[in-house]
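Asks: I'll drop the sequence and a predicted model, then ask my questions.
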Amino acid sequence: MAELYFSELRTLSPEQQQKKLLELTSRRNAPVNGQLERLEAEIREFEQRYELSSSELAEALRTGKLRETAEVGRWLILIALRQRLVSTARQ
């Protein structure tokens, strides 16, 4: 099973991040094994750093309150991955 550590995710290019995340999410029948908890912790770090909830992020980007930097892009990727893991866990 593919593994992804958040420290590794930070060092990858956006293309490599996407490839790694697709590897993880393509294994729909694999157990979550704590990944969701790690994702939640990483997402909370972003929410605290930017003083925005993840649900407010899209609006902040749309209105220009926040620029989409590489770091914000990682936050968006983590949110998408969390949504996929949650939907996989429910199946």
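Replies: Alright, I've got the coordinates.

Asks: R82: which element?
Replies: Under DSSP states H and E, the secondary-structure element containing R82 is helix 70-90.

Asks: Let me see the mean pLDDT of that helix.
Replies: For helix 70-90, mean pLDDT rounds to 88.

Asks: Name the residues of that helix that are buried.
Replies: Buried residues in helix 70-90, counted by 16 or more other CB atoms under 10 Å: 72, 74-79, 81-82, 84-85, 88. For every residue, glycine as well, the C-beta is placed using N, CA and C.

Asks: What ranges in the protein fall below the confidence cut-off?
Replies: Where the chain drops to pLDDT under 70, the residues are 1-4, 26-33, 89-91.

Asks: Just list what the helix holding R82 packs against, helices and strands only.
Replies: helix 6-11, helix 14-25, helix 35-50, helix 54-63 (3 or more CB pairs under 8 Å, 6 or more residues apart in numbering; DSSP states H and E).
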